[in-house]
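Colleague: requesting a structural model of the entry that follows:
(2 chains)
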Amino acid sequence: GQQLNQSPQSMFIQEGEDVSMNCTSSSIFNTWLWYKQDPGEGPVLLIALYKAGELTSNGRLTAQFGITRKDSFLNISASIPSDVGIYFCAGSSSGTYKYIFGTGTRLKVLA
Amino acid sequence: SAVISQKPSRDICQRGTSLTIQCQVDSQVTMMFWYRQQPGQSLTLIATANQGSEATYESGFVIDKFPISRPNLTFSTLTVSNMSPEDSSIYLCSVERTGVNSYNEQFFGPGTRLTVL
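Modeller: Numbering: from 1, shown residues only, chains lettered A, B, ... in the order given. The predicted structure follows:
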């Protein structure tokens, strides 16, 4: 099915560094969700965005809903080893409950 | 959020057999969803299950292969029928809940890891 493009596909960073990843779509979305998935687990919702231009934080995580409504960004500040995992974006259009998921960004943090 | 449990957590099955996966939610929800996550891949929606009506399947997924039941507002099952090795995936149940901003958010269960030999 349709997927959103996430970049980068994977990242290796040092502990304490900041991380940025983004998600782009050819379609306009009204809602963006960001998830983290640990090995052997289901995705856990990190941040939800509902308005173009919205900037929302959850601890060291900050996400933004792009002005064009076709993209979203997730930043992690001062990364720690437990940030390791796969981060997925998901977008939903107006009038639908269905979410389309991004291709994922695999994050590895080196201590 | 929502507390969602799935059974089994994992299974190894022989080709040609069927497996039924259960999903239990801690409180009533209108919409439940079933996703497939193939190894190293993203999530793909299989179908949406509403209580009291037939499930709605996405393109590429059919009821004969993935029959779904939704007997009440806290429970659903997904059956993977006549399995082949290509069905080896993680199967995830999710529910929709209204978040603090009065918008709908999706929450996931822990998944069922299926390996077909």
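
Colleague: what residues does chain A put near chain B?
Modeller: When proximity is defined as C-beta under 8 Å from any C-beta of the partner chain, chain A approaches chain B at A:1, A:3, A:31, A:33, A:35, A:40-45, A:48, A:50, A:88, A:90, A:97-99, A:101-104. Heads up, the C-betas are built off the backbone N, CA and C, glycines and all.

Colleague: try 7 Å this time
Modeller: A:1, A:3, A:31, A:33, A:41-43, A:45, A:48, A:50, A:88, A:97-99, A:101-104 (C-beta under 7 Å from any C-beta of the partner chain).

Colleague: distance from the chain centre to stretch B:62-82, please.
Modeller: 8 Å (C-alpha atoms, centre = their mean, to the nearest Å).

Colleague: and the end-to-end length of that stretch?
Modeller: Distance across stretch B:62-82, first residue to last, is 13 Å (C-alpha to C-alpha, to the nearest Å).

Colleague: and that stretch, what's buried?
Modeller: Buried positions in stretch B:62-82, judged by neighbour count with 16 or more other C-beta atoms under 10 Å in any protein chain shown: B:65-68, B:70, B:74-78, B:80-81.

Colleague: can you check stretch A:35-45 too?
Modeller: Buried-residue list, stretch A:35-45, by 16+ other C-beta under 10 Å: A:35-37, A:42-43, A:45.

Colleague: likewise stretch B:49-62?
Modeller: B:49, B:51, B:55, B:57-58, B:61.

Colleague: tell me the helix or strand right after the host helix or strand of B:Cys93.
Modeller: Here B:Cys93 is covered by strand B:89-98, with elements defined by DSSP states H and E. With elements assigned by DSSP H and E, the helix or strand that comes after strand B:89-98 is strand B:104-108.

Colleague: show me where chain A has strands.
Modeller: Secondary structure of chain A by DSSP state E: the strands cover A:5-7, A:10-14, A:19-24, A:31-37, A:44-49, A:55-58, A:61-65, A:71-76, A:85-92, A:100-101, A:105-110.
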